[in-house]
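> With the sequence up front, the predicted model follows.
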Amino acid sequence: MVQKLEDPRPTAPIAPAEEGSGVHVVVWRRPAAKEGDASEGWGAWGEELARRLVAELGARALRRFPRLNARDGAAVLDAAAERLVRSGPPSPGPIDAHVRRTVFCEALAVDRRRFAEDVGATAEQVRQALDGAHGRISLLTDRERAALLAIFTLDHVAEEDEVGKVVLHAAVAYQMRWNTAHQHLSRAWRKLCEGPLAAWQTEWRGAHRFVCDPPSFELWAAAREYLDACSGRGAYGGPTFAAWTHAHEDHNAWFCEWKKRSALAATRWHAFADALEGSGLHPRDLAGPLVEACGALGIDRWLVPAKVRRQCWRDLLCEAPRPSLETRAAWRTLLRAHPFGAETMAVFRELEREAALAEVAGVELESAYHRLLAAAEGRSRDGVQAKDDFRRALEAARWV
């Protein structure tokens, strides 16, 4: 914390927190003015403090802007320091949040120019594309907009080691499934990126900060407090946070297992298509049964009755999703009814085994996520309050 001083100049520097943790405990307090001091402005020691904090905290904030080169970064820090000094001491609150947000805002304009250079567009073309994307926010569903803006806000505020978790933390804040939040984000971003942004193949993390204005300081501070609660920083630690951490690790483990099993099952599915190709039977040989059972086999989107005699097994299977339990049962019936051969049946049994393991992992992942949500609600009262405050600030913000 900032030492309360009688002398108008600090006698010791503010001790920064450990690397990667963020300095989220320093609260601005203007020292009492002495006789003859100016009543307004930073004062000599305050300007020195502002510039020092920009130098200490700004470099870490700029890590979120990989498009900026060293010269860009130096110019942004200089501009942020001048902006802080020119605007005078901030209102009470975490001064590091004021500093980081100021650096972020100064970096945005430079980052936008670098973005235009990357996509080979003029500044006016980028402006029109981004204005159009911003206008389409109002067309999103309530759930899409809530997930999108929660993720965007947390990504604005997050440090490097938190970036990969912003979708998860947004999902926890709204008590929705993790993959549901991903789906809302993906669907909403596609809706926003019609036209040039889609043609430029713009990924959300690299461009969303241009579509929405930076969060207000109040929302920024609430998001930062919520991320601190999710990370167990400061007073947010303790036994209940340890339980949340255990649930988080359990969820991550099952997520990795589910991804691994799903990838193996997808590989077996493609191997099954290859085995069918080598079986000696072709779709044209089974045109009638395939057309009749294509829905149950999960290939109705890819089987074209008028062209089935010219299609191969890879045409029908390779773009289709991994078969469900019911779909596998339909394939088993088809294989037993026709002479595909022992090798094809052996490959299909491997597919069944890997697909079943992926489904078990999916069930366990769902259970682990529900335990994670319960642990989030079981955190300390301050941790739950930080989540609720973030949601209230987010829902009170004006976006369109």
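Received, thanks. Numbering: from 1, shown residues only.
> Quick check, pLDDT for the residue nearest to Arg143 when sequence neighbours are not counted.
Leaving aside its chain neighbours, Arg143 sits nearest to His184 (5.8 Å; criterion: CB to CB, 6 or more residues apart in numbering). Where C-beta positions appear, they are placed from N, C-alpha and C, glycine not excepted. Among the per-residue scores, His184 holds a pLDDT of 91.
> Show the contacting residues for His184.
143-144, 146-148, 176 (CB atoms under 8 Å, 6 or more residues apart in numbering).
> and with 10 Å instead?
His184 makes contact with 140-141, 143-148, 150-151, 167, 170-171, 174, 176 under the criterion CB atoms under 10 Å, 6 or more residues apart in numbering.
> now, which of those sits nearest Leu276?
Set against Leu276, the nearest of these by CB to CB is Val167 (37.7 Å).
> was I right about that closest one contacting Trp178?
Yes. Counting by CB atoms under 10 Å, Val167 does reach Trp178; the two are 7.0 Å apart.
> packing partners for the helix ranked longest in the chain?
Ranked by residue count under DSSP state H, the longest helix found in the chain is helix 239-277. If you count contacts as 3 or more CB pairs under 10 Å, 6 or more residues apart in numbering; DSSP states H and E, helix 239-277 packs onto helix 166-173, helix 178-192, helix 217-231, helix 313-317, helix 325-337, helix 342-377, helix 381-396.
> Work out the gap between that helix and the centre of the chain.
19 Å (CA atoms, centre = their mean, to the nearest Å).
> mind listing what's buried in that helix?
Within helix 239-277, the residues scored as buried using 16 or more other CB atoms under 10 Å are 240-241, 243-244, 247-248, 250-251, 254-255, 257-258, 261-262, 264-266, 268-269, 272-273, 275-276.
> So which bits of whatever helix or strand comes next after it are buried?
Using DSSP states H and E, the helix or strand that follows helix 239-277 in sequence is helix 287-297. Neighbour counts using 16+ other CB under 10 Å place 290, 293-294, 297 of helix 287-297 among the buried residues.
> Which pair in those has the greatest spatial separation?
Top of the distance list for the buried residues of helix 287-297 (CB to CB): Leu290 and Leu297, 7.4 Å.
> Find residues that contact each of the two.
In contact with both Leu290 and Leu297: 303, 316, 334, using CB under 10 Å, 6+ apart.
> Please name whichever of those residues scores lowest on pLDDT.
Out of the shared contacts of Leu290 and Leu297, that is Leu303, at 90.
> A strand includes that one, no?
No. Judged by DSSP: H, G, I helix; E, B strand; the rest coil, Leu303 forms no part of a strand; its state is coil.
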